[in-house]
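Asker: no sequence on this one, just coordinates:
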């Protein structure tokens, strides 16, 4: 018999709000199954259970805020020799919907029991929720590419005459409406990420100001970090000419969705440098440094509604660049839509903060306890550099290191930044 408790989803999290149960009493669950949605001061996160068994009792009602560690449910192990509790039939009128649809309904304030499901077996779809949330809105038939183009080009789909099947709007219709001359647009205008060194920017308009709760949560963590952690700071300017040239050549042979941006190279190099200098990759626990067994790279992401989360790329040092690029895009997108899982926010061993897309030259971050270091990356910019006694203009980036003096010293930090520079001079080995 085990307890499923309110998890700690960050060093600054003291409590959380149970938004929704995704299982009922009597349900069979396996380790890793998403069983609940929890809201913190920063984000809404899907929480997995960490043991297999039968949910025998739900202890907390949705909408309740409880401290970290509070039992939320009781799970009876199916390996303990006792027969599992038979699953209870869904109550009459219960809505059939996936966790993603349930989360969408929560975000849009829709009561699922009042929604008519048009999916197989009466299952509620995302379109059903959207229709319930905006009953007056007319659903415009359009291809996915047409929708992306419309958003990119600022075209209102409701004003476009569709030439596709049954009047569906096609990409060419959007181009025509935007006044574009025929032919395919440049691929990067549709699907390739821009070239900033950080996570993709917020797609539309400036982010809303953080709420007082968001600011308070961040302020508490930063105050604790600055009070308890003796920071030291180092920086270096890294020549990215070799990395950018290699990336451009590599992208020529890649399909558009798999093309790389500098952020992927920078993050992979940070992960490899962390593996080389393990004194910066781990946690300060019980007055001693505990090195990590792998590199779980946290990536600071600003949220649409304000605030900050740092989801992790597990084993980033061993991920191929293509996988790291895809993983980064996926994490950023889901972080900004409140669809992170608890396992993706837990225990980063080193965090990267990147304000390059904001035009910042250098950023000296505050360490997230219990980590012992943070890497800052500024924007990639052209600067004069000396090459073999001659002056040239190369793309460069300022990399900074904020580190905990209890766990390392300046010499160790210098080794890290030197390793980072060396790795980026040989991008083919990343």
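Answerer: Right, received. Where do you want to start? Just so it is clear, the structure is predicted and the values come from calculations on it, not from any experiment. Numbering: from 1, shown residues only.

Asker: rest of the way, CA atoms for contacts and neighbours
Answerer: Fine.

Asker: what number of residues are in the vicinity of residue 26?
Answerer: For residue 26, the tally of surrounding residues (other CA atoms under 10 Å) stands at 20.

Asker: same question, residue 330
Answerer: Around residue 330 there are 12 residues (other CA under 10 Å).

Asker: likewise residue 391?
Answerer: Residue 391 - counted by other CA under 10 Å - has 10 other residues nearby.

Asker: just list the residues touching it, thanks.
Answerer: For residue 391, the contacting residues are 384-385, by CA atoms under 8 Å, 6 or more residues apart in numbering.

Asker: so for it, what's the pLDDT?
Answerer: Note on residue 391: pLDDT of 92.

Asker: cool, residue 339 as well?
Answerer: pLDDT, residue 339: 78.

Asker: was I right about it contacting residue 45?
Answerer: Yes. Assessed by CA atoms under 8 Å, residue 339 is found in contact with residue 45 at 5.7 Å.

Asker: now stretch 268-281: buried residues?
Answerer: Across stretch 268-281, burial judged by 16 or more other CA atoms under 10 Å covers 268-275, 277-281.

Asker: which SS class is residue 66?
Answerer: strand (DSSP: H, G, I helix; E, B strand; the rest coil).

Asker: between residue 339 and residue 45, who's got more neighbours?
Answerer: Neighbour comparison, residue 339 and residue 45: the larger count goes to residue 45, with 26 against 21 (by other CA under 10 Å).

Asker: which of the buried residues of stretch 268-281 fall in helices?
Answerer: Counted as lying in helices by DSSP state H, out of the buried residues of stretch 268-281, are 268-275.

Asker: and this protein, what are its domain boundaries?
Answerer: 2-133, 144-189, 212-429 (automatic domain parsing).

Asker: would you single out the least confident of these?
Answerer: With a mean of 66, domain 144-189 has the lowest mean pLDDT of those.

Asker: tell me the one among the buried residues of stretch 268-281 nearest to residue 376.
Answerer: residue 270 (10.2 Å; CA to CA).

Asker: surely that closest one and residue 418 touch.
Answerer: No. Counting by CA under 8 Å, residue 270 sits too far from residue 418 to count as a contact (11.0 Å).

Asker: what about the helices in this protein?
Answerer: Going by DSSP H, the chain shows helices at 99-108, 126-133, 144-153, 171-177, 212-228, 241-252, 262-276, 321-336, 410-424.

Asker: between the ones you listed, which one is nearest to residue 297?
Answerer: helix 262-276 (6.7 Å).

Asker: next, the angle from the closest one to helix 241-252.
Answerer: With axes from the mean of the first three to the mean of the last three CA atoms, to 10 degrees applied, the angle from helix 262-276 to helix 241-252 works out at 120 degrees.

Asker: packing partners of helix 262-276?
Answerer: helix 241-252, helix 321-336, helix 410-424 (3 or more CA pairs under 8 Å, 6 or more residues apart in numbering; DSSP states H and E).

Asker: rebuild the ones you listed as a markdown table, extending it with distance to residue 222.
Answerer: Shown next, in a markdown table, are the helices and strands packed on helix 262-276 (distance: least, CA to CA, whole Å):
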| stretch | distance to residue 222 |
| --- | --- |
| helix 241-252 | 34 |
| helix 321-336 | 21 |
| helix 410-424 | 21 |
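
Asker: what's the closest of those to residue 56?
Answerer: Of all the helices and strands packed on helix 262-276, helix 321-336 sits nearest to residue 56, with 30.9 Å by CA to CA.

Asker: quick one: contacts for the spatially most central residue of the chain?
Answerer: Centroid check for the chain by CA atoms, centre = their mean gives residue 331 as the closest residue, at 2.9 Å. Listed by CA under 8 Å, 6+ apart, the contact partners of residue 331 are 311, 340.

Asker: surely residue 27 meets residue 58?
Answerer: No. Assessed by CA under 8 Å, residue 27 is found out of contact with residue 58, at 10.8 Å.

Asker: once you drop chain neighbours, what's closest to residue 5?
Answerer: Spatial nearest neighbour of residue 5, chain neighbours left out: residue 71 (4.1 Å); criterion: CA to CA, 6 or more residues apart in numbering.

Asker: wait, isn't the one you found in contact with residue 2?
Answerer: No. With contact defined as CA under 8 Å, residue 71 does not reach residue 2; the gap is 9.6 Å.

Asker: could I get the contacting residues of residue 399?
Answerer: By CA under 8 Å, 6+ apart, the contact list for residue 399 reads 235-238, 362, 375-378, 417.
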